[in-house]
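In: A structural model of the following input is requested.
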Amino acid sequence: MAEKIKLTFLGTGSAVPTKKKNHSATLIQYKDESILIDCGEGTQRQFRYADISPAKLTKILITHWHGDHVLGLPGLLQTLMLNNFSKNLEIYGPEGTQRMLETMMSLFVGKGDQLKIRVYEIEPGIIIDNDEFFIQAEQMDHDAPTLAYSFNIKEKSRLDKQKLKKLKIPNSPLLGELAKGKTIEINGKKIDPKKLIYKEEAKKITIIPDTRLNNNCYKIAENSDILISESTYDKEGEELAKEYFHLTSEQAAEIAKKSKSKKLFLVHLSQKHEKDASNLLKEAKKIFKNTILAEDLMNLEL
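Out: Numbers count the residues shown, from 1 in each chain. This next block holds a predicted model:
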């Protein structure tokens, strides 16, 4: 069975939280990785509501240093410290991240040197690359240095563990030969690797935060299985979106369509849409049918 990516929307609101929507935060879990994208105020409580331990965190990706995307960091880091968090925590963000984090921790966290934190101020491009996945960042057009991120699982050939068990193939260097596509022999019986190997398809999740529409939106979203995009305004607020460096739901849908994404989730909705966001969804669906309004604590597997 292919490994699943678990995606949890911890916060889907914008600058002002509402009863239904917390500040921005999205969690991606894959194998031993637990990657938090942004950490708005109240995020650590959202972890509790989602019944997920923040102690499993391995990485935090900061899109930009506006309050609704980062003011949950002091509390979260303090909680990790109080719970004797001993793993290495990697924090990635745009230029200025080191200075901003140090200032924040000096004001609120206390003995932050107890935490093993490594900060990376990153440029656009591939920022993490290993055998299992890579993470890409692209510059957005906002009124602060801002990055969009994509999380990409690499296509792999894997051995079917259940079939191996049925054939009573031992855990030995022979498995490595099978994985390379070589025929092996066990107890005089030849084992055809083609019957045991399956392909694990590539998968991609992209998060586009606060930004005006720009070409990098299409670039980073290309062929996403899941595209999560800010959509602060409806069509009526298009001029305001441009003035305040944000997207409309129609623009988010255009990104999804032109990038050939499979599914679009709208986040960062303005508080004015708290009671009724149906117009945002309707406008987006006219352009990109497979659009969903993300809700806090919504989760899915890919």
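
In: which of the residues in stretch 289-302 are buried?
Out: T291, I292, L293, A294, D296, L302 (16 or more other CB atoms under 10 Å). No exception for glycine: its C-beta is placed from N, CA and C like everyone else's.

In: So which of those is the closest to D68?
Out: D296 (13.7 Å; CB to CB).

In: now the helices: where do they sit in the stretch 201-302 of the chain?
Out: 215-221, 238-243, 249-258, 278-287 (DSSP state H, counting those that start in this stretch).

In: got a list of contacts for the second one?
Out: When contacts are taken as CB atoms under 8 Å, 6 or more residues apart in numbering, the neighbours of helix 238-243 outside the stretch itself are R212, T232, Y233, H246, L247, T248, E250, Q251.

In: one more time with 6 Å, if that's ok
Out: For helix 238-243, contacts defined as CB atoms under 6 Å, 6 or more residues apart in numbering pick out Y233, T248.

In: Arrange the buried residues of stretch 289-302 in TSV, one row each, with pLDDT as further columns.
Out: Listed next are the buried residues of stretch 289-302 as TSV, based on pLDDT from 0 to 100:
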residue	pLDDT
T291	98
I292	98
L293	97
A294	97
D296	97
L302	94
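
In: quick one: which of the helices of the stretch 201-302 of the chain is nearest L159?
Out: Among those, helix 215-221 sits nearest to L159 (CB to CB), with 32.7 Å.

In: tell me what the closest one is packed against?
Out: Under the contact criterion of 3 or more CB pairs under 6 Å, 6 or more residues apart in numbering; DSSP states H and E, helix 215-221 touches strand 133-139, strand 203-208, helix 249-258.

In: Now mean pLDDT and distance to S86 too, for the ones you listed, in JSON lines please.
Out: As requested, the helices and strands packed on helix 215-221 are exported to JSON lines (pLDDT from 0 to 100; distance: least, CB to CB, whole Å):
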{"stretch": "strand 133-139", "mean pLDDT": "98", "distance to S86": "24"}
{"stretch": "strand 203-208", "mean pLDDT": "98", "distance to S86": "28"}
{"stretch": "helix 249-258", "mean pLDDT": "98", "distance to S86": "40"}
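
In: Tell me how far G181 lies from K154.
Out: 18 Å (CB to CB, to the nearest Å).

In: again but with T8, I slipped
Out: Applying CB to CB to T8 and K154 gives a distance of 22 Å.

In: more crowded one of these two?
Out: T8 (21 against 14; other CB atoms under 10 Å).

In: The more buried one reaches A50, doesn't it?
Out: Yes. T8 is in contact with A50 according to CB atoms under 6 Å; the separation is 5.5 Å.

In: Spatially central residue in this structure, please.
Out: I28 (4.9 Å; CA atoms, centre = their mean).

In: what bridges to that residue?
Out: Beta-bridge pairing of I28 under DSSP bridges involves L7, I35.

In: That one contacts F151, doesn't it?
Out: Yes. I28 is within contact range of F151, at 5.4 Å (criterion: CB under 6 Å).

In: Could I get the helices and strands packed on helix 215-221 in CSV, plus columns for mean neighbour count and distance to P124?
Out: Formatted as CSV, the helices and strands packed on helix 215-221 follow (neighbours: other CB atoms under 10 Å; distance: least, CB to CB, whole Å):
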stretch, mean neighbour count, distance to P124
strand 133-139, 20, 5
strand 203-208, 25, 14
helix 249-258, 24, 17
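
In: Now tabulate the ones you listed in CSV and tack on distance to S14.
Out: Converted to CSV, the helices and strands packed on helix 215-221 look like this (distance: least, CB to CB, whole Å):
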stretch, distance to S14
strand 133-139, 21
strand 203-208, 14
helix 249-258, 13
